[in-house]
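Colleague: How does the following fold in three dimensions:
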Amino acid sequence: MSHYFIPQWTLPSGVRAAITTVQSPGNLAAHVGADPAAVVRHRRQLCRQLALPCAPKWLAQYHSNIPVDFCRVRAGAAADAIYSNQSSSVCAVLTADCLPILMCSADGQEIAAIHAGWRGLAAGIVGRTCAQFAAQRGTLSAYIGPAISQTAFEVGDDVYREFEQLGWVDSETFLPHITGKWWANLPLLAEYALREQGIQTIVQSNECTFSKADWYSYRRNSTCGRFASLIWRS
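Modeller: Residues are numbered from 1 along each chain as shown. I've put the predicted structure just below:
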């Protein structure tokens, strides 16, 4: 599992999580203009190197608030989160500055992966994914993976107002920029969304995609690939 990023997150027996990097296995997105054969090769390499129980059902992500059930959809479903309560299933999302959020129930029977940019967070993707879980919210844990950090995420008043309406604007989530815009703390906003759902066990990766070459970053390079954040049951 060389070059894979393993979250420092305590998981139940039978549940594992990993995040790919630029080095291993490389771009996993088919929609960014990359060589299709290379994407297929990277995806196969991912399954082999992580010994996944099955191939991920890659989503057609579009900054929505739509979650889907792994067992009820085909690969390519238009959604931004995927949930499963079945063994031998893999939940995965692709990102390059947006937030990957991985979730798990305390008993390891339920898992989910969320792709959350600011639009998805504001639209309630976290709450709608939490609603898929049968487990009590207080027993769930979440991992917030590599994403763009506040020092690199400049946004306008439109974004500020969206979160102001949700009551999530404070001296930490939005810092004023000299240009009149704002520095937004996307990982902290995700934490607020999770805590609003009653989730108390939240682990932050504190990895910035914009500043570290290990990660793809759309703001650093708009023609970049995507890395995957995965959680699976064996």
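
Colleague: pLDDT (mean, whole number) over the longest helix seen in the chain?
Modeller: As assigned by DSSP state H, the longest helix anywhere in the chain is helix 36-49. In this model, helix 36-49 has a mean pLDDT of 95.

Colleague: Give me the contact list for that helix.
Modeller: If you take CB atoms under 8 Å, 6 or more residues apart in numbering as the criterion, helix 36-49 is touched by 1, 4, 20, 24-30, 52, 55-56, 58, 228. Just so you know, the C-beta spots here come from the backbone N, C-alpha and C atoms, and that holds for glycine as well.

Colleague: For it, list every residue counted as buried.
Modeller: 39, 42-43, 46, 49 (16 or more other CB atoms under 10 Å).

Colleague: Tabulate the residues you listed (JSON lines), appending distance to A92.
Modeller: Formatted as JSON lines, the buried residues of helix 36-49 follow (distance: CB to CB, whole Å):
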{"residue": "V39", "distance to A92": "14"}
{"residue": "H42", "distance to A92": "13"}
{"residue": "R43", "distance to A92": "10"}
{"residue": "L46", "distance to A92": "9"}
{"residue": "Q49", "distance to A92": "14"}
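
Colleague: Nearest to S89 among these?
Modeller: Of all the buried residues of helix 36-49, S89 sits closest to L46, with 15.5 Å by CB to CB.

Colleague: so where does the residue nearest to the spatial centre of the chain fall, helix or strand?
Modeller: Per CA atoms, centre = their mean, the C-alpha nearest to the average position across the chain is that of P100, at 1.2 Å. Using DSSP states H and E, the element containing P100 is strand 99-105.

Colleague: One more: A135?
Modeller: Under DSSP H and E, no helix or strand contains A135.

Colleague: can you tell me how far it sits from C47?
Modeller: Per CB to CB, to the nearest Å, A135 is found 28 Å from C47.

Colleague: Could you do T179 as well?
Modeller: Distance of T179 to C47, given as CB to CB: 45 Å.

Colleague: I101 too?
Modeller: According to CB to CB, I101 stands 22 Å off from C47.

Colleague: Show the model's pLDDT score for S2.
Modeller: As predicted, S2 sits at a pLDDT of 57.

Colleague: Number the residues from 48 up from this point.
Modeller: I'll keep to 48 as the first residue from here, and by that count the last item is S49.

Colleague: now do the same end-to-end measure for stretch 198-217.
Modeller: Stretch 198-217 has an end-to-end distance of 16 Å (criterion: CA to CA, to the nearest Å).
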